[in-house]
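*Asks:* Any chance you could fold what I've pasted below:
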Amino acid sequence: MRFMILRLADKDTEAGIMPSQELLASMGKYMEELATAGILLDGEGLQPTSKGVRVKFSKGRPKVKEGPFTRSKNLIAGYAMIQVKSKDEAIEWIKRWPILDANGEVELEIRQVFEADDFGTEFTPELREREARMRAELAAKK
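*Replies:* Got it, this is the predicted structure:
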């Protein structure tokens, strides 16, 4: 089972305040623990929304809106992608997340990633093969 751990944004991450050396070291250690356990697939911090854009489609037409975006509780500041045996195992790992910034106030969210079988018969053998080929090509580029 794959899970994405989402580090939700706060006023500091949206203001572009960089993490302390202590937090960077702690996050590095945590990510190394995930990697050593063989469950880390990916993970990165994200720039504030002031450097981003949103694209909204209305009647099939895209409209681009420049950041920053409001309502920081609904924004993402970073993520880690892990592969574990259960949601409970993902929760146990997330409980170890380093909480050194924002006065110990950090909000995380865990979301399970869809697997091919979750889509049922709509995900035909042809579509599965196309996706498998694309994933193999992406893996070869790493």
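*Asks:* Just name whatever secondary elements the helix or strand of the chain with the lowest mean pLDDT is in contact with.
*Replies:* In the chain, the helix or strand scored least confidently by mean pLDDT, DSSP states H and E is helix 11-14, which has a mean of 90. Of the remaining helices and strands, those touching helix 11-14 by 3 or more CB pairs under 8 Å, 6 or more residues apart in numbering; DSSP states H and E are strand 76-83. Glycine gets a C-beta too; all of them are placed from N, C-alpha and C.
*Asks:* and for the strand it packs on, what are the contacting residues?
*Replies:* Contact partners of strand 76-83, identified using CB atoms under 8 Å, 6 or more residues apart in numbering, comprise 1-10, 13-14, 31, 34, 39-46, 48, 90, 93, 113.
*Asks:* Dig out what the residue most central in space within the chain forms beta bridges with.
*Replies:* Per CA atoms, centre = their mean, the C-alpha nearest to the average position across the chain is that of residue 79, at 3.0 Å. Listed by DSSP bridges, the beta-bridge partners for residue 79 are residue 6, residue 44.
*Asks:* Which positions within stretch 35-45 qualify as buried?
*Replies:* Neighbour-count burial for stretch 35-45, counted by 16 or more other CB atoms under 10 Å, picks out 39-40, 43.
*Asks:* Now do the helices in this protein.
*Replies:* When secondary structure is read from DSSP state H, the chain shows helices at 11-14, 21-36, 87-94, 125-141.
*Asks:* by contact count, what packs against the third one?
*Replies:* So the one you mean is helix 87-94. Counting contacts by 3+ CB pairs under 8 Å, 6+ apart, the secondary-structure elements packed against helix 87-94 are strand 2-8, strand 108-112.
*Asks:* Kind regards, and thank you for your time.
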